[in-house]
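Participant: Next come a sequence and a model predicted from it.
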There are 2 protein chains.
Amino acid sequence: MHSSLYAVAPVDRSLEAALRRKIDTKTKPLGALGRLEELALQIGLVRASLAPALARPHIVVFAGDHGAAKAGVSAYPQDVTWQMVENFLAGGAAINVFARANGIGLTVVDAGVAHDFGARPNLVDAKIAPGTANFIEGAAMTAAQRDAALARGAELVRGLAAEGCDAIGFGEMGIGNTAAASLITHCLTGAALDACVGRGTGLDDAGLARKRALLGQALERFDGPRDDALAVLAQFGGFEIAMMAGAMLAAAQARLVVLVDGFICGAAALVAARLAPAFLDYAVFCHASAEPGHQAQMATLGAKPLIDLGMRLGEGTGAAVAWPLLRAACAFVNEMASFESAGVSESLA
Amino acid sequence: MHSSLYAVAPVDRSLEAALRRKIDTKTKPLGALGRLEELALQIGLVRASLAPALARPHIVVFAGDHGAAKAGVSAYPQDVTWQMVENFLAGGAAINVFARANGIGLTVVDAGVAHDFGARPNLVDAKIAPGTANFIEGAAMTAAQRDAALARGAELVRGLAAEGCDAIGFGEMGIGNTAAASLITHCLTGAALDACVGRGTGLDDAGLARKRALLGQALERFDGPRDDALAVLAQFGGFEIAMMAGAMLAAAQARLVVLVDGFICGAAALVAARLAPAFLDYAVFCHASAEPGHQAQMATLGAKPLIDLGMRLGEGTGAAVAWPLLRAACAFVNEMASFESAGVSESLA
């Protein structure tokens, strides 16, 4: 991969004062639209426009398998990864439904599922390998595989940007990937491992204890630098997480608004932000995760998710469900009257 | 008014087990859609359907003036009420923008604005009087005015239900109405007055202190029963709050899903729930308010708002912005595949 992938320029803040003025003169008390005002400002800066319109939202779901899944870190069998990809392709999964309901395009990517799908018209074949190696015993992937995944994710996003996409969300599917995300989160936030490990798709107490013990083993055998995002990504990351990190960086480079879903996407965002801190200018954190490690991610990234509906499904569903809020933020900036245009009196203060 | 307005039947729970089964067999871990699952269950029960579709959402904004506004309980002059009604009619207010963005119908009602609008095609003239009396000195309205407002709100909703509306949200506009809502909230929740009084549209510290002192005076001169919702409504309520309470009760009677916005609507919901506790079966609390009294309302009603974006605008904007979540809840119940239909393996547990 080329190191140019990491070059993300901060947003140009020259429009900031004009955007704030436009927001503040709308017919509402100052600040009364709360986070929608912050969103509107951010979107205006990302799109470098006083009239930002996000007309072509898209969600890309990356699927990948994890060698560690067979060691017992998940409540579901590994086959569910490819079965759920089939469900995505058939249009019956939650992300299909929410993307349709909210007018969002959807692309499904095989980043490294341990299954042969054959040639499928709706599936992007970006398979790095049929699943990662078991990170409990050794590195999940080679440096070359990691770099290929990063580059492939970036390439995908550049294609979508060229087609006119202006806001992009990411989702994932991969049995065992909360385990990978927990390890990445522990390494890149410094939070205690136990505070980064949760029940995933629904482990019971015994399952959670086993998951913690296994992840402790994985950490013990890793003697590399724990604050090196690229090293950590190769050690523990899934192919879907690596591809998502590359996609996030390319999206920021292309000046797209980036919708970040929950815990797994948050791990990819940690990697992206470590490689290019300006990535955060472009990122909207959509949904709080029930996974405890999400709080560590948000604290490290200085972020607060838009909504918290107690969802813990992945697939990009938190981003899809939050999307209308971004649309609403653009709409008020573009369509609301100002005090002057509407002839409304301002505050007595 | 007729006491039949208060007769709200609880939802019929005979479909509950079948709805839960349908939700639980969707291709997702059990409970993984969090509050969207609770919403789907509630909507299914309200609409008495295993395939609930909310196709005709509508928001009604009630505007009214408050005699107390001139005593200094607001940061804005009273004229802003009618000016904002003109803004609603011209389509330039936040509620217009959000209703359009999310495909929601909108009706604007003059419940008692201190202004002569003349005959206007888009404005429902339900004016009880040109503003309430100053509640600091005496009752805001007579019992007859209160009953007329309740009945008029109910009549409006029955008309919308007859036209096919299946989900209805309420909003309000009225300079000074956070003060009225604070008094109602104090009386009907028992929370301390200071915990029920906030900055409204943006009072500074001195303004907040003045507002608290004035509301303390209003309470002192009222020697009636503080837990009698109808008495409290007449003493302190705005016409828009009374009309909204009647509208809420009629909406529940008509088995509509009721979207409750923030603090002012919450005061109307307190009244509605006191008159007919089963009203809560139909109510979806949409947005947390920045007004401190909203917490007392939610605690008393046992409710938790869907979202908290720090909005404090009123007009029904919190309901309009939250609406896509209800649509998403219906969509997943109707469109998602089940484990069986998609051929996806279930949990190992």
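Facilitator: Happy to help now that I have it.
Participant: Find the nearest non-adjacent residue to A:Val108, please.
Facilitator: Here the nearest residue to A:Val108 in space, its sequence neighbours aside, is A:Phe88; by Cβ to Cβ, 6 or more residues apart in numbering or on different chains that works out to 4.6 Å. Where you see a C-beta, it was placed from the backbone N, CA and C, and this is true even at glycine.
Participant: Can you report phi and psi for the one you found?
Facilitator: Recorded main-chain torsions at A:Phe88 are phi -60, psi -50, according to degrees, to the nearest 10.
Participant: wait, isn't it in contact with A:Thr107?
Facilitator: No - using Cβ atoms under 8 Å, A:Phe88 makes no contact with A:Thr107, being 9.8 Å away.
Participant: Who has more neighbours out of those two?
Facilitator: When A:Phe88 is set against A:Thr107 and neighbours are counted by other Cβ atoms under 10 Å in any protein chain shown, the residue ahead is A:Phe88, at 25 against 18.
Participant: Residues of the stretch 1-150 of chain A that sit close to chain B?
Facilitator: A:26-36, A:75-77, A:79-80, A:83-84, A:86-87, A:90, A:92-94, A:96-98, A:100-102 (Cβ under 8 Å from any Cβ of the partner chain).
Participant: Mind doing that once more with 10 Å?
Facilitator: The stretch 1-150 of chain A comes close to chain B at residues A:26-39, A:72, A:74-80, A:82-84, A:86-88, A:90-98, A:100-102, as judged by Cβ under 10 Å from any Cβ of the partner chain.
Participant: do stretch A:237-253 and chain B meet?
Facilitator: No - when contact is scored as Cβ under 10 Å from any Cβ, no part of stretch A:237-253 falls within range of chain B; the minimum is 17.8 Å.
Participant: could you dump that stretch to CSV, C-alpha only?
Facilitator: The C-alpha atoms that make up stretch A:237-253 are tabulated as CSV, following Å, rounded to 0.1, in the frame of the first residue of the first chain:
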residue,chain,number,x,y,z
GLY,A,237,-8.0,-7.4,13.2
GLY,A,238,-10.4,-9.1,10.9
PHE,A,239,-10.1,-8.5,7.2
GLU,A,240,-13.4,-6.6,7.4
ILE,A,241,-12.0,-4.3,10.1
ALA,A,242,-8.8,-3.6,8.1
MET,A,243,-10.8,-3.0,4.9
MET,A,244,-13.1,-0.7,6.8
ALA,A,245,-10.2,1.3,8.2
GLY,A,246,-8.8,1.8,4.7
ALA,A,247,-12.3,2.8,3.4
MET,A,248,-12.7,5.3,6.2
LEU,A,249,-9.4,7.0,5.4
ALA,A,250,-10.2,7.2,1.7
ALA,A,251,-13.6,8.5,2.5
ALA,A,252,-12.1,11.4,4.5
GLN,A,253,-9.6,12.0,1.7
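Participant: Count the residues that sit near the nearest residue to A:Ala288 once chain neighbours are set aside.
Facilitator: Beyond its immediate neighbours in the sequence, the residue positioned closest to A:Ala288 (Cβ to Cβ, 6+ apart) is A:Asp308, lying 3.8 Å away. Residues within reach of A:Asp308, counting by other Cβ under 10 Å, total 17.
Participant: How about A:Ser14?
Facilitator: Other residues within reach of A:Ser14 by the criterion other Cβ under 10 Å amount to 9.
Participant: can you check A:Arg35 too?
Facilitator: Using other Cβ under 10 Å as the criterion, A:Arg35 is surrounded by 17 other residues.
Participant: Was I right to think it contacts B:Arg312?
Facilitator: No - using Cβ atoms under 10 Å as the test, A:Arg35 is too far from B:Arg312 to be in contact (11.5 Å).
Participant: And the residues of the stretch 1-150 of chain A next to chain B, which of them are buried?
Facilitator: Members of the residues of the stretch 1-150 of chain A next to chain B that pass the buried threshold by neighbour count (16 or more other Cβ atoms under 10 Å in any protein chain shown) are listed as A:26-39, A:72, A:74-76, A:78, A:80, A:82-84, A:86-88, A:91-98, A:101-102.
Participant: Narrow these to those in helices?
Facilitator: Residues of these located in helices (DSSP state H): A:35-39, A:80, A:82-84, A:86-88, A:94-98, A:101.
Participant: Give the intersection of the neighbour lists for A:Phe88 and A:Thr107.
Facilitator: A:61, A:122-123 (Cβ atoms under 10 Å, 6 or more residues apart in numbering or on different chains).
Participant: PyMOL command to pick out the buried ones of those?
Facilitator: Isolation of the buried members of the shared contacts of A:Phe88 and A:Thr107 (16+ other Cβ under 10 Å) is achieved in PyMOL through the command below:
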select buried, chain A and resi 61+123
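Participant: Tell me the one among the shared contacts of A:Phe88 and A:Thr107 nearest to chain B.
Facilitator: Set against chain B, the nearest of the shared contacts of A:Phe88 and A:Thr107 by Cβ to the nearest Cβ is A:Val61 (13.8 Å).
Participant: Not counting sequence-adjacent ones, nearest residue to that closest one?
Facilitator: Residue nearest to A:Val61 in three dimensions, not counting chain neighbours: A:Gly171, with 4.2 Å by Cβ to Cβ, 6+ apart.
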